[in-house]
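J.: I'd like to go over a predicted model; first the sequence, then the structure.
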Amino acid sequence: MKLINKFKGRVFRKLIDIADNIDIWFSKRYNVNLKQVALEQTQDRIPLSKLDKTIGKSLNIMAHDQEIV
């Protein structure tokens, strides 16, 4: 079992290294950070109602007369 886990770990590490090398190459060649672009697009797609339910509630910045659905 240890041998299988060790193999899986090496394969996973190799895949991460390949993905990082592609990202570095793309960043140098096209001057665009793909990870940052993907993260920003994901954050832009979060609806404001969800943000109000999570962040707004935690920060206590929501109007008290608004009901959370």
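T.: All right, it came through fine. Numbers count the residues shown, from 1 in each chain.
J.: what is the neighbour count of I18?
T.: 10 (other C-beta atoms under 10 Å). For glycine as for every other residue, the C-beta is placed from the backbone atoms N, C-alpha and C.
J.: I'd like the distance between it and R45.
T.: Computed with C-beta to C-beta, to the nearest Å, the distance linking I18 and R45 is 27 Å.
J.: before we move on, what about L39?
T.: From L39 to R45 the distance is 11 Å (C-beta to C-beta).
J.: please say which of the two ends up with more neighbours.
T.: Taking neighbours as other C-beta under 10 Å, L39 and R45 compare with L39 leading, 11 against 7.
J.: and I46, helix, strand or coil?
T.: Assigned with DSSP: H, G, I helix; E, B strand; the rest coil, I46 falls in the coil class.
J.: contacts only, for it.
T.: Listed by C-beta atoms under 8 Å, 6 or more residues apart in numbering, I46 has no contact partners.
J.: so what does the longest helix along the chain touch, helix or strand wise?
T.: The residue-count maximum for a helix in the chain (DSSP state H) belongs to helix 2-30. The criterion is 3 or more C-beta pairs under 8 Å, 6 or more residues apart in numbering; DSSP states H and E, and the helices and strands that helix 2-30 contacts are helix 34-44.
J.: I'd like to check the angle between the helix it packs on and helix 2-30, please.
T.: 90 degrees (axes from the mean of the first three to the mean of the last three C-alpha atoms, to 10 degrees).
J.: for the protein, give me the ranges with low pLDDT.
T.: The chain contains residues with pLDDT under 70 at 62-69.
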